[in-house]
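Novice: Turn this into a structure:
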Amino acid sequence: MLKDMDFGVYGKGIDGYIHYSLAMDRIQEEKESRKALMDEFDNDVDEMDELDNDEDNFDSDDLDSDDFGSDDFGGDDF
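Specialist: Sure thing, here's the model as predicted:
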């Protein structure tokens, strides 16, 4: 019988069953909401990837330029 069943922290009997059932429904809703947010985030990231025209092309970077002088690092007193 339902009135003899124990649902742990949710209580016993019909009250425990109702609290347990509501908690499980809420968990499922939160899970679906979280998945929707993650899907939206993934889509935003994909759109940002499409807008990224650099494509990790370091050929355009001037890596040989010396943007820092010796004064920038406190001199040559090692």
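Novice: Check the burial of the closest residue to residue 13 other than its chain neighbours by counting its neighbours.
Specialist: Distances taken as Cβ to Cβ, 6 or more residues apart in numbering put residue 3 closest to residue 13, at 4.4 Å, once the chain neighbours are dropped. For every residue, glycine as well, the C-beta is placed using N, CA and C. Here the count is done by other Cβ atoms under 10 Å, and residue 3 has 10 residues near it.
Novice: which ones are touching residue 3?
Specialist: Shown in contact with residue 3 (Cβ atoms under 8 Å, 6 or more residues apart in numbering): 12, 13, 14.
Novice: Distance to residue 41 for the residues you listed - can I get that in JSON lines?
Specialist: Formatted as JSON lines, those follow (distance: Cβ to Cβ, whole Å):
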{"residue": "12", "distance to residue 41": "42"}
{"residue": "13", "distance to residue 41": "42"}
{"residue": "14", "distance to residue 41": "41"}
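Novice: Now the buried members of these.
Specialist: Among these, not one counts as buried by 16 or more other Cβ atoms under 10 Å.
Novice: related to what we said a few turns ago, could you measure from the residue nearest to residue 13 over to residue 9?
Specialist: 18 Å (Cβ to Cβ, to the nearest Å).
Novice: Over to residue 34?
Specialist: 23 Å.
Novice: Ok, residue 32 next?
Specialist: For residue 32, the distance to residue 9 - Cβ to Cβ - is 24 Å.
Novice: low-scoring stretches of the chain, by residue?
Specialist: The chain contains residues with pLDDT under 70 at 45-78.
Novice: Now with 90, please.
Specialist: 1-4, 7, 36-78 (pLDDT under 90).
Novice: for it, what spans make up the helices?
Specialist: Taking DSSP state H, the helices of the chain run over residues 13-51.
Novice: Residue 14 against residue 2, yeah?
Specialist: Yes: between residue 14 and residue 2 there is a contact under Cβ atoms under 8 Å: 5.9 Å.
Novice: Identify the residues contacting residue 1.
Specialist: By Cβ under 8 Å, 6+ apart, residue 1 has no neighbours at all.
Novice: Sweet, I'm off.
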